[in-house]
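Fold the following and give me the result.
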Amino acid sequence: MTGPFHTAGRPELYGAFGAVSATHWLPSAAAMAVLEKGGNAFDAAAAAGFVLQVVEPHYNGLGGDVPILSYSATTGEVQVICGQGPMPRAATPERFRSLGLAGIPGSGLLPAVVPGAFGAWIRMLAEHGTLPLADILEHAVAHAENGFPLLPGTADAIAVLAPLFADEWSESGRVYLPGGRPPAAGSRFRNPALAATYRRLLREAHAAGGDRQVQLAAAERAFYQGFVAEAIDSYLAKAEVLDSTGRRHRALLTGQDLAEWRAAAEPSVSLPYGEYAVHKPGPWSQSPVFLQQLALLDGFDLAGMGQDGAEYVHTVTECAKLAFADREAWYGDPDHSDIPIDTLLSPAYTAGRRALVGPRAAEALRPGSPDGRRPWVPEPPDGPPAAGDDWMSQLGDGLPTVVRATAARNDTCTVVVADRFGNLVAAVPSGGWLKSSPVVPGLGFSLGTRGQTMTLQEGHPNSLAPGRRPRTTLSPSLVLRDGRPFLAFGTPGGDRQDQWTLEFFLGVTDFGLGLQAATETLAFHTDHFSSSFTPHESRPKVLTVERNCDPAVVAELRERGHDVRLVPEFSLGKVCAVGMDHERDLLRAAASPRGRQTYAACR
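This is a model prediction of the structure:
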């Protein structure tokens, strides 16, 4: 069932029982196995999320973060569970400046935040799941204990960081350098320390009694107040770790920070788009930038432009520039700042912004003035001196540097699930990468360093403050159609997630494509704004387009003033999507061919 403009290279999958799509085939298989065991989409998504922590450790981990966006057929409501942990209570701009730092390092222990992923999955399971925790974790335990084939990207990342692991981050070396050497791509890799952590969480859950809710609460306590928190606190109290500044620093995070945190459930932010209602997490993530782009584009005849034509690519790009400029000026933790999200999405404000879209490419970053407020975008800091060793320069900020060094183009992972009961779940796990910080002794996982996305310049919604959530790039999407669950999707990609997924969504809504065909259309993005990650550098203001773009379109875009950079075909993004076809009473699944291990399953 594809539209007239594109034929899918992969088949779109249909079924009546369950639909799964993820950035790795083993989490997809685990999710489907949980559905077949009688679980629902919430159970399946959690099982996949824990497997992702094992098999994609260069993209996420048990010490990382995750936003979860879901639709419950039982309640008829869309919900966001925020698995983004906050900064430690001891984290202040003054503390960093006292260390001689103008910005927050991208790796090591200083940028470590409360690990939120475990708490988010547990909260989702407690509110919406049906199976015992043992059934959810069994697949992650098995892969960590018995081994799995190591992805080339993981092997490349380990090889780049092997000198650091051997000389400085010794616990990471024990986990990731079996026999003292980097493992080969495709080799069978095990993480017995991580398996032991999962198993102990299960033992403590089981010891609390037979009730499922009691067991979930016990597992959460074991993580945030019990043995996991104690191991983290004991390690961080003594460790001084080499980081991307080229110096050794101690952490600000403590066990008390973990004990005081719980994953929050909150309403989504939404926007109508024709017959659709599009839902996203709040402005503690970049997610509403997707909605701002949609609001701007709603005033253009995209279908009349023709998909992937010059007018279409130009218009989408110019609207992205405006929306991301607002992200830079206005997004942050709404619990700590007054974020004008309602105004940013309002018709009057959007109309004024839409009028800025002209026939030529804009050069300046142009944030708006919602409610007459003056926008302010922090300047990238003059960072501390870089270390001289080649391997240290490759460590850099922990996200794009290893990506550059290994030629990997993604930084996180995705899982989306639909079930026969009418539930939808979309999650984008990340953080706690093997390259972010050392493995905590005895636990088998690293801490997330999302604190690097904040600024030390005070007075901005994303300024560093104790207990404040760093603004995250993680951005799952969920769509209702005429009030009924329709679509859930996401992609890896850091700052670019909400451009690649927007192009997918417009393929479905404005050009009539099937899900799989929409994942395979031309992908492009603009880097017209500073990176969210340390050192927050201003990147070249280029329009990056896949090479399969029509040469005549490229020529016209250049005539309009775009600095077009061509990259290999099928190299941008890894969109994963599931949906519901209510007319035929079927479920749908699709996975972009851009991720060779990206895998959809439907039954």
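
my guess is Ala217 meets Ala126, correct?
Yes. Assessed by Cβ atoms under 8 Å, Ala217 is found in contact with Ala126 at 7.4 Å. In short, each C-beta sits where N, CA and C put it, glycine included.

which strands and helices sit next to whichever strand or helix holds Cys319?
Under the criterion of DSSP states H and E, Cys319 resides in helix 310-330. The contact analysis (3 or more Cβ pairs under 8 Å, 6 or more residues apart in numbering; DSSP states H and E) places helix 310-330 against helix 288-297, helix 302-305, helix 497-509, strand 524-526, strand 543-546, helix 551-559.

hang on, the earlier thing: looking at Ala217 and Ala126, which is more packed in?
Between Ala217 and Ala126, counted using other Cβ atoms under 10 Å, the more crowded position is Ala126 (18 against 15).

Specify the next element, helix or strand, located C-terminal of whichever helix or strand that one is part of.
According to DSSP H and E, Ala126 maps onto helix 117-128. Next helix or strand after helix 117-128 toward the C-terminus (DSSP H and E): helix 133-146.

I'd like to know the average pLDDT value across the helix or strand following that following helix.
Counting by DSSP H and E, the next helix or strand C-terminal to helix 133-146 is strand 148-149. The pLDDT scores in strand 148-149 average 98.

Output stretch 360-377 in PDB with nothing but the alpha carbons.
In PDB, the C-alpha atoms belonging to stretch 360-377 read as follows (Å, rounded to 0.1, in the frame of the first residue of the first chain):
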ATOM      1  CA  ARG A 360      16.100  32.400  -0.900                       C
ATOM      2  CA  ALA A 361      17.900  30.600   1.800                       C
ATOM      3  CA  ALA A 362      18.100  32.600   5.100                       C
ATOM      4  CA  GLU A 363      21.600  33.100   6.600                       C
ATOM      5  CA  ALA A 364      20.900  34.400  10.000                       C
ATOM      6  CA  LEU A 365      19.600  32.500  13.000                       C
ATOM      7  CA  ARG A 366      16.300  34.100  13.700                       C
ATOM      8  CA  PRO A 367      14.600  33.200  17.000                       C
ATOM      9  CA  GLY A 368      11.200  34.800  17.500                       C
ATOM     10  CA  SER A 369       9.800  36.900  20.300                       C
ATOM     11  CA  PRO A 370       6.800  35.000  21.800                       C
ATOM     12  CA  ASP A 371       4.600  37.300  24.000                       C
ATOM     13  CA  GLY A 372       7.000  40.100  23.200                       C
ATOM     14  CA  ARG A 373       9.900  38.500  25.100                       C
ATOM     15  CA  ARG A 374      13.400  39.100  23.800                       C
ATOM     16  CA  PRO A 375      15.200  35.900  22.600                       C
ATOM     17  CA  TRP A 376      18.700  35.100  23.700                       C
ATOM     18  CA  VAL A 377      20.900  32.300  22.300                       C
END
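
coming back round to it: what is the helix holding Ala126 packed up against?
For helix 117-128, the packing partners by 3+ Cβ pairs under 8 Å, 6+ apart come out as helix 41-55, strand 66-72, strand 77-83, helix 212-224.

circling back to that earlier point, quick one: the helix holding Cys319 to helix 551-559, angle?
Orientation note: helix 310-330 sits at an angle of 50 degrees relative to helix 551-559 (axes from the mean of the first three to the mean of the last three Cα atoms, to 10 degrees).

how about the CA coordinates for helix 310-330, as PDB?
C-alpha atoms of helix 310-330 as PDB (Å, rounded to 0.1, in the frame of the first residue of the first chain):
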ATOM      1  CA  ALA A 310      13.400  22.100  -5.000                       C
ATOM      2  CA  GLU A 311      10.400  24.200  -3.700                       C
ATOM      3  CA  TYR A 312       9.500  21.400  -1.200                       C
ATOM      4  CA  VAL A 313      13.100  20.900   0.100                       C
ATOM      5  CA  HIS A 314      13.600  24.700   0.300                       C
ATOM      6  CA  THR A 315      10.400  25.300   2.200                       C
ATOM      7  CA  VAL A 316      10.900  22.400   4.600                       C
ATOM      8  CA  THR A 317      14.400  23.600   5.300                       C
ATOM      9  CA  GLU A 318      13.500  27.200   5.900                       C
ATOM     10  CA  CYS A 319      10.800  26.200   8.300                       C
ATOM     11  CA  ALA A 320      13.300  24.000  10.100                       C
ATOM     12  CA  LYS A 321      15.700  26.900  10.500                       C
ATOM     13  CA  LEU A 322      12.900  29.000  12.100                       C
ATOM     14  CA  ALA A 323      11.700  26.300  14.500                       C
ATOM     15  CA  PHE A 324      15.200  25.300  15.600                       C
ATOM     16  CA  ALA A 325      16.100  28.900  16.200                       C
ATOM     17  CA  ASP A 326      13.200  29.000  18.700                       C
ATOM     18  CA  ARG A 327      14.500  25.800  20.200                       C
ATOM     19  CA  GLU A 328      17.900  27.500  20.800                       C
ATOM     20  CA  ALA A 329      16.300  30.500  22.500                       C
ATOM     21  CA  TRP A 330      13.300  29.100  24.400                       C
END
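
can you pull the buried residues of whichever helix or strand comes after that helix?
Sequence-wise, the next helix or strand downstream of helix 310-330 (DSSP H and E) is helix 341-344. Neighbour counts over helix 341-344 (16 or more other Cβ atoms under 10 Å) mark Ile341, Thr343, Leu344 as buried.

residues in contact with the helix or strand just after helix 341-344?
Downstream of helix 341-344, the next assigned helix or strand under DSSP H and E is helix 347-354. Around helix 347-354, the neighbours that count as contacts under Cβ atoms under 8 Å, 6 or more residues apart in numbering are Gln292, Ala295, Leu296, Asp298, Gly299, Cys319, Leu322, Thr343, Gly368, Pro370.

Next up, the contacts around the fourth one.
With contact taken as Cβ under 8 Å, 6+ apart, Asp298 is in contact with Tyr273, Gly274, Thr350.

now do the fifth one
Gly299 makes contact with Thr350, Ala351, Arg354 under the criterion Cβ under 8 Å, 6+ apart.

I'd like to know how far the first one sits from Gly106.
To tie it back to what came earlier, the one meant is Thr350. Separation of Thr350 from Gly106 (Cβ to Cβ, to the nearest Å): 34 Å.

quick one on the thing from earlier: pipe the buried residues of helix 341-344 into a markdown table and attach distance to Thr154 and pLDDT per row.
Listed next are the buried residues of helix 341-344 as a markdown table, based on distance: Cβ to Cβ, whole Å; pLDDT from 0 to 100:
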| residue | distance to Thr154 | pLDDT |
| --- | --- | --- |
| Ile341 | 37 | 98 |
| Thr343 | 43 | 98 |
| Leu344 | 38 | 98 |
